[in-house]
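1. Starting from these lines, generate the structure:
(chains A, B, C and D)
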Number of protein chains: 4
Amino acid sequence: MAMTAFESPAELAPLPFDAAKLNGLSERMIRSHWENNYGGSVKALAAVKQRLAQAQGDKDMPPYVYNDLKREHLLRTGSVVFHELYFGNLGGSGQPGTAERQAIDGSFGNFEAWESEFRRIGTGLGGGSGWVVLGFNSHLKQLENYWLADHAHGPAAAQPILVMDMYEHSYQMDFGAGAARYIDAFFRNIQWEAVARRLEAARRT
Amino acid sequence: MAMTAFESPAELAPLPFDAAKLNGLSERMIRSHWENNYGGSVKALAAVKQRLAQAQGDKDMPPYVYNDLKREHLLRTGSVVFHELYFGNLGGSGQPGTAERQAIDGSFGNFEAWESEFRRIGTGLGGGSGWVVLGFNSHLKQLENYWLADHAHGPAAAQPILVMDMYEHSYQMDFGAGAARYIDAFFRNIQWEAVARRLEAARRT
Amino acid sequence: MAMTAFESPAELAPLPFDAAKLNGLSERMIRSHWENNYGGSVKALAAVKQRLAQAQGDKDMPPYVYNDLKREHLLRTGSVVFHELYFGNLGGSGQPGTAERQAIDGSFGNFEAWESEFRRIGTGLGGGSGWVVLGFNSHLKQLENYWLADHAHGPAAAQPILVMDMYEHSYQMDFGAGAARYIDAFFRNIQWEAVARRLEAARRT
Amino acid sequence: MAMTAFESPAELAPLPFDAAKLNGLSERMIRSHWENNYGGSVKALAAVKQRLAQAQGDKDMPPYVYNDLKREHLLRTGSVVFHELYFGNLGGSGQPGTAERQAIDGSFGNFEAWESEFRRIGTGLGGGSGWVVLGFNSHLKQLENYWLADHAHGPAAAQPILVMDMYEHSYQMDFGAGAARYIDAFFRNIQWEAVARRLEAARRT
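-> Have a look, this model is predicted:
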């Protein structure tokens, strides 16, 4: 285990692609997203962890106030992890390989059924916050799509395989309220090799 | 993968211990919890999955109404998974073994620091709903405690290692509003062998 | 205005009925609910308000950490207000008077349709936390039933007219998981005169 | 009461100001906000109300699935009401009058203390969803600021007096991630006469 319980990532994970070269997602938006939203959560997580560490010895802090910080911890952990996975599954050709296609076919009947549900969840999240996650539930042994209202939501015991950010900072700058056009662009840029690697790792759980 | 995306567990997982023999948690309460709360969610998850399957072909259902069902899906999945893990980590001696003690020491400095935070989160959840989860975050490579407000919350990319239910149905029947006495009883009954197994599996992710 | 922004109620509002004389709700449960759950929130609200007052001058506290306290503020305000309204609409005969019956008929078609929806929302909240609220929306000029997931949820610009607590501490002690029997008992004890007074006041907004 | 319980607003309330003439908030952004986000919720609320009306006779719908629609009802009601109040308190000079200044002074010690907290809550909501509400709590007789995570949150028994939208669609188009500059612009455009009218009405409750 790389970090103890009250530590947090020291630095931002760099974008694993050239931000100027995505297909239909502007460098300006991607850089702002990475720096301000993801970067803001890396800093916030560090600040909250520090406050939690200090609170270990503070007997005057009521447990429900302690939990207010633990909620922020959960929220910022979600933001850091999901953003790293999101950027990590962008920068690709948008063309799924055989292995991940077969896995998705096996769970959803066919690839189109999966894509249709994934997009529908994203569309329904338009105008608000949230994430769409294709996840492998290691307890139920099931590959399914999840709707998340914000960074603090998450499917119990599931490993995220493909992650799409639906917070408005993911698309407003390029598309305004046009969430559907953003979802199209997201699909064109999926890095399916990363998806395949995560799927293989998750199945070992 | 055992189940396709729109399937759900067909039956309740049996209690992995004799409900009459826990130390300070009554058979009546444990049985009601298992049958009504866990069992209710198994049935609800099946009903929601069936509605989701039907909705695949329903073009008149707006995506945000579809997502109302996906929220119920997330919530009930959390309830089913966390309850199975919760009952799965009860029925033991309450005495941690060397391996899990060392892992916890390594992350929290010492076992007492970990136990103190885990109990504090639980105490703060008294009088409401929620879960306390010791989880291994397979993305951050970190073992930490999480506060969850309800079944739909969850730490991104984390495998639950030890799970404590703080919904009031976990203790009201035996302890009334006395959440602290329930937490004591929970600790007396932890099945640490199960915790050790989960930890070992999670570290392989 | 009786209180400035960072003040909170100094004392618990006494129960407006004899706790030993409700019809099918035990004195033990009502007293525990009033003292531990409502009383706990009165104390928590005072503690949070004090921390907020101190934080006014604390420039080192990041705004998102400040908001963690504001979330607790919202939650505890909801708990204090809804509990006072809940106990305030108990202790009666369960027999609605003409004025409130007519208002409900006018909005829901008939009284049975209203009662049916109100009970259905309550039943669906069984096993978790939440409130059912008949509220008058002073912006939309509409009397309707609302589902609330917890104390922090609430209908925008609405005045609560009739409030039913569905947190498990409202019924577990007497009824176990039997939320439906609790709802029956709640209806037998509604203090409709209080409902009528609130409705009249709300309509003046 | 203008509407029965299963009705909803038939049309969008027009903007009460010339969208081309706000000070530092672009016509393009305001029109998109009004049409897509507010307008989307007016349509969604109508669709959900219709589904709820149909579900009155549907005995096969489990109460928790019914409540999924009631959650959407709560969320969309909040969106419609808060948006109408938000646009309703824009288009002004940003100069508070004597009456509302005195009311705010009385509750917060001085106007600057109030403005500072209101801005701090807004800043903390940057990068996500939510609302900041100055509200008059008609149960507690208290004028205070509230943090809301989304449209479904709300302060119990409070009348909104001044409302600031912090969903990212309120500022991303003009300011990118610069939420602080949006808050500055919001303050320059507050229609304080509307605030004064709401305050006077709320105090009558």
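2. Tell me if I'm right that A:Met3 and B:Leu140 touch.
-> Yes: A:Met3 lies in contact with B:Leu140 (CB atoms under 8 Å); the separation is 6.4 Å. Heads up, the C-betas are built off the backbone N, CA and C, glycines and all.
3. quick one: which of those two has more around it?
-> With neighbours defined as other CB atoms under 10 Å in any protein chain shown, A:Met3 and B:Leu140 compare such that B:Leu140 has more, 23 against 17.
4. For the more buried one, what are phi and psi?
-> When read as degrees, to the nearest 10, the backbone of B:Leu140 gives phi -90, psi -10.
5. Okay, it and chain C: tell me how far apart.
-> 20 Å (CB to the nearest CB, to the nearest Å).
6. In chain A, which residue sits nearest chain C?
-> Closest approach between chain A and chain C, counting by CB to the nearest CB: A:Asp68, at 3.9 Å.
7. Not counting its neighbours along the chain, what's nearest that residue?
-> Once flanking residues are discounted, A:Asp68 sits nearest to C:Asp68: 3.9 Å by CB to CB, 6 or more residues apart in numbering or on different chains.
8. hmm, back to that, shared neighbours of A:Met3 and B:Leu140, which are they?
-> Common neighbours of A:Met3 and B:Leu140, counting by CB atoms under 8 Å, 6 or more residues apart in numbering or on different chains, are A:Pro9.
9. ok so, going back, which strands and helices lie in contact with the one helix or strand the residue of chain A closest to chain C maps to?
-> Per DSSP states H and E: A:Asp68 is located in helix A:63-88. Counting contacts by 3 or more CB pairs under 8 Å, 6 or more residues apart in numbering or on different chains; DSSP states H and E, helix A:63-88 is packed against helix A:39-55, strand A:158-165, helix B:111-125, strand B:142-148, helix C:39-55, helix C:63-88.
10. After that helix, which helix or strand is next? Please name it.
-> Counting by DSSP H and E, the next helix or strand C-terminal to helix A:63-88 is helix A:98-108.
11. Name the residues of that next one that are buried.
-> Of the residues in helix A:98-108, A:100-101, A:103-104, A:107-108 count as buried by neighbour count, 16 or more other CB atoms under 10 Å in any protein chain shown.
12. A:Val80 reaches A:Gly39, doesn't it?
-> No: using CB under 8 Å, A:Val80 is not in contact with A:Gly39, being 9.8 Å away.
13. chain center to the helix holding A:Asp68, what's the gap?
-> 12 Å (CA atoms, centre = their mean, to the nearest Å).
14. how big is the angle separating it from strand A:142-148?
-> Between helix A:63-88 and strand A:142-148, the angle comes out at 120 degrees (axes from the mean of the first three to the mean of the last three CA atoms, to 10 degrees).
15. Just the pLDDT for the most centrally placed residue in chain A.
-> Among the residues of chain A, the one closest to the centroid is A:Phe82, at 2.5 Å (CA atoms, centre = their mean). Here, the pLDDT recorded for A:Phe82 equals 98.
16. Quick check: it vs chain D, distance?
-> Distance, A:Phe82 to chain D, using CB to the nearest CB: 13 Å.
17. Kindly report the same for A:Ala152.
-> A:Ala152 is 10 Å from chain D, by CB to the nearest CB.
18. So which bits of chain A are right by chain D?
-> Residues of chain A lying close to chain D (CB under 8 Å from any CB of the partner chain) are A:32, A:36-37, A:40, A:127-129, A:149-150, A:167-169, A:172-173, A:176-177.
19. List just the nearest of those to chain B.
-> When the residues of chain A next to chain D are compared against chain B (criterion: CB to the nearest CB), the nearest one is A:Ala149, at 7.2 Å.
20. Just give me the neighbour total for the closest one.
-> A:Ala149: 21 surrounding residues under other CB under 10 Å.
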